[in-house]
Each structure stands twice: as C-alpha cells, then as structure tokens.
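Chemist: Kindly return the folded structure for what I paste below:
(one chain, ligands or ions: 2)
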Amino acid sequence: MAERADSQPTRCGFIAIIGAPNVGKSTLVNALVGAKVAIVSHKVQTTRALVRGIATEENAQLIFIDTPGIFAPRRRLDRAMVTTAWAGAHDADLVCLLVDAKRGIDDDTAAILDRLAQVRAPRVLILNKVDLVDKPVLLTLAQSLNQRIAFEATFMTAALSGDGVADLKRWLAARAPEGPWHYPEDEISDAPLRHLAAEITREKLYLRLHQELPYQSTVETESWKELRGGAVRIEQTIYVERDSQKKIVLGKGGATIKAIGAEARREIAAAIEQKVHLFLFVKVREGWGDDPERYREMGLEFPKE
Ligand SMILES: Nc1nc2c(ncn2[C@@H]2O[C@H](COP(=O)(O)OP(=O)(O)OP(=O)(O)O)[C@@H](O)[C@H]2O)c(=O)[nH]1
Ligand SMILES: [Mg+2]
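Modeler: Ligands and ions are numbered 1, 2, ... in the order given. Below is the predicted model:
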C-alpha cells in the first residue's frame, strides 16, 4: 500500500451526495472541493449527470459524486437523471443524504428515505441551509430523520457560506477506506474542460431564463481550438425545442444571448486560466429530449422508454 511522507496509510473514498432537487448538493460539492466543479442555480433540476469533484484532506483523497436531484420523474430526461443519481449512490463507499433544513421531509425526501434503506453503503445525514432555520427545529428534524432510517452520523451545514463544511470533510477523510489514491494529486474534477465549459454556459442560461425554458434547452461544446498566443476559441450550441424559444434565448437584438455569452466567457476563462473567445449558436431541435446523441453528450444513459 502506498505510504505518504508522514507514513500514514493513504485513504481513498467515493462519496455520493444525494437528495431532492435544489437542496444544495452542487453547492456543497463545490465547497468541499474548494473550487467550482458543478454548476448551481436557484432552479430545481440544475444538475443533469454525475459530476465528480476531488478533494484531499490529510492523507485521504475524497471523490465527491454530485448527483442530479431525485424526484418523481415524468419526461425521459427526468428518468435518466434520477436513474443516474441512484447509480451514483450504489457505486459509492459512503452515501450522504442532503436535506434542505427549511423544507424538511417533503415528498421527494420521504421517497428517497424509503429507497435509501436498500442501499448497502453506509449513510450519513447532512442537514443543509441551516442558516435559514432555528436550532430547535434542526434538532427535531435530525431526530425524526434518524428514526426513519439509521445514519452513521449527522452533520449540519450551510454550504453557501461554508459553515460546517470543514468538520464534515475531516470526518469523511477519517472514515474513507484505506487504499491508493484514484486520481493525480492536483486534479479537482474528472470532467473534460469542454464539458465544464458547456455546463457554465448552461448555468448562465438557467440564471437568466424563466419558467420551462431552461429545462427545454441543453448546451454542447462543438469546437475547442487553442490559438497562438495562449487564447482558446470555443464554439457552443444551445439546443432548444421550438422557434419561439430560440427567440427568447436570443432576446431583443440579440441582447440576451450576448449577456449569457459574456458571463459564460468570463467564468470559463477564469476556470481554465486562459483567454477565451466564445461563440454561441442557438439551434432548434424539436424533440432533443428524445435524441440518444444529446444524452451521450450530457453523460447520461438513454432510457429505452
Ligand atoms: N441559504 C442557503 N442557500 C443555499 C445553501 N446551499 C445552497 N443554497 C442555494 O440553494 C440553491 C440550490 O443549490 P444547488 O447547489 O444548485 O442545489 P442542488 O441540490 O445541486 O440542485 P439540483 O442540481 O437541481 O438537484 C442555490 O440557489 C444555492 O445558492 C445554504 O447553505 N444556505
Ligand atoms: Mg446540482
């Protein structure tokens, strides 16, 4: 077994973060990693596929698997997301159930609890958004959740401000199984940069567009060219379902897409530490939600029905 300088055996743990939509899973993974590896929005169903964020703590490498929110799926895309989330839980050494402390045990979380009882991996409970509720409420909630299924430990976090995150990380590091590190020491994500870049643009789209539009769009990086002088030229396509949606994404005189592009460009450039020229195109592709190729691009299995 590999030994590090302090002669402690190395540890390596795969930790799945599951929970209802919008409870703060991606925010928590970013806080644990200490960098943005997963996109975040105030809307439900932001995360679509598994995102791995990698952190180190002492002699442990922790691989956090951010999963799509689990809810009662209707569309094909929903089903693919929920299936993917459970697959993430089954493959992990440890499963963290994240609950929005303000929302408490809603229908989505209740359904997850029932099914979580059948997952073999040890379970940890995390109450998130504790900044929004009073302490007595937290204690009652922690109690009733622990009565429904057994958790090895319960943590309280405010992922947005980082409260409680260091404690959680220390505990997870000590709990990780002994073994060699799975990824190189300085890696923080296993997602290709072109995928992260598409996700960043999708985040900006989610933040600017309303109602159903975000759910009926997807973003793909079509080309990525390194230019002389260290800059990179990136072309991305935003797929929507209908011509009316294309008009909304473009905005008056192209104002909306221009704003989305400017925000995305800035953040992609910061993420890859290179100058970026970003070109966005909008294409109408009716029924992209039933097109296997789009799922492949997102990193999702295509459900047969
Ligand atoms: N007040 C408060 N808000 C938080 C906290 N953590 C996350 N949020 C907010 O909750 C919203 C959802 O966060 P996400 O991280 O996208 O949630 P998610 O669980 O990954 O959502 P899906 O991917 O859609 O399932 C965002 O607006 C976050 O800023 C917290 O500790 N306190
Ligand atoms: Mg998410």
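Chemist: Can I get the helix ranked longest in the chain in PDB? Just the C-alpha atoms.
Modeler: When the chain is parsed with DSSP state H, its longest helix is helix 255-272. Taking C-alpha atoms only, helix 255-272 is exported to PDB below (Å, rounded to 0.1, in the frame of the first residue of the first chain):
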ATOM      1  CA  ALA A 255     -29.200  41.100 -26.100                       C
ATOM      2  CA  THR A 256     -30.000  38.000 -24.000                       C
ATOM      3  CA  ILE A 257     -27.500  35.700 -25.700                       C
ATOM      4  CA  LYS A 258     -24.900  38.400 -25.700                       C
ATOM      5  CA  ALA A 259     -25.300  38.700 -21.900                       C
ATOM      6  CA  ILE A 260     -25.200  35.000 -21.400                       C
ATOM      7  CA  GLY A 261     -22.100  34.700 -23.600                       C
ATOM      8  CA  ALA A 262     -20.300  37.500 -21.800                       C
ATOM      9  CA  GLU A 263     -20.900  35.900 -18.300                       C
ATOM     10  CA  ALA A 264     -20.000  32.500 -19.500                       C
ATOM     11  CA  ARG A 265     -16.900  33.600 -21.300                       C
ATOM     12  CA  ARG A 266     -15.600  35.400 -18.200                       C
ATOM     13  CA  GLU A 267     -16.200  32.300 -16.000                       C
ATOM     14  CA  ILE A 268     -14.800  29.800 -18.500                       C
ATOM     15  CA  ALA A 269     -11.700  32.000 -18.800                       C
ATOM     16  CA  ALA A 270     -11.200  32.100 -15.100                       C
ATOM     17  CA  ALA A 271     -11.700  28.300 -14.800                       C
ATOM     18  CA  ILE A 272      -9.200  27.400 -17.400                       C
END
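Chemist: which residues sit against the following helix or strand past it?
Modeler: Counting by DSSP states H and E, the next helix or strand C-terminal to helix 255-272 is strand 276-284. Applying Cβ atoms under 8 Å, 6 or more residues apart in numbering, the contact partners of strand 276-284 are 201, 222, 227, 231-243, 245-246, 249-250, 257, 260-261, 264-265, 268-269. In this view, the C-beta of every residue, glycine as well, is placed from N, C-alpha and C.
Chemist: likewise stretch 158-175?
Modeler: Identification of contacts with stretch 158-175 by Cβ under 8 Å, 6+ apart yields 11, 13, 15, 24, 27-28, 30-32, 55, 57-60, 62, 94, 122, 124, 126, 128-131, 152-153, 155-157.
Chemist: Please list the members of the contacts of strand 276-284 that lie in helices.
Modeler: Counted as lying in helices by DSSP H, out of these, are 201, 243, 245-246, 249-250, 257, 260-261, 264-265, 268-269.
Chemist: If you tally nearby residues, what's the number for the residue lying closest to L77 once chain neighbours are set aside?
Modeler: Closest residue to L77 apart from its sequence neighbours, by Cβ to Cβ, 6 or more residues apart in numbering: G289 at 4.9 Å. Close neighbours of G289, defined as other Cβ atoms under 10 Å, add up to 18.
Chemist: before we move on, back to that, emit the PyMOL select command for whichever of the contacts of strand 276-284 are buried.
Modeler: Of these, the buried ones go into a single PyMOL selection, burial set by 16 or more other Cβ atoms under 10 Å:
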select buried, resi 201+232+234+236+237+238+239+240+241+245+246+249+250+257+260+261+264+265+268+269
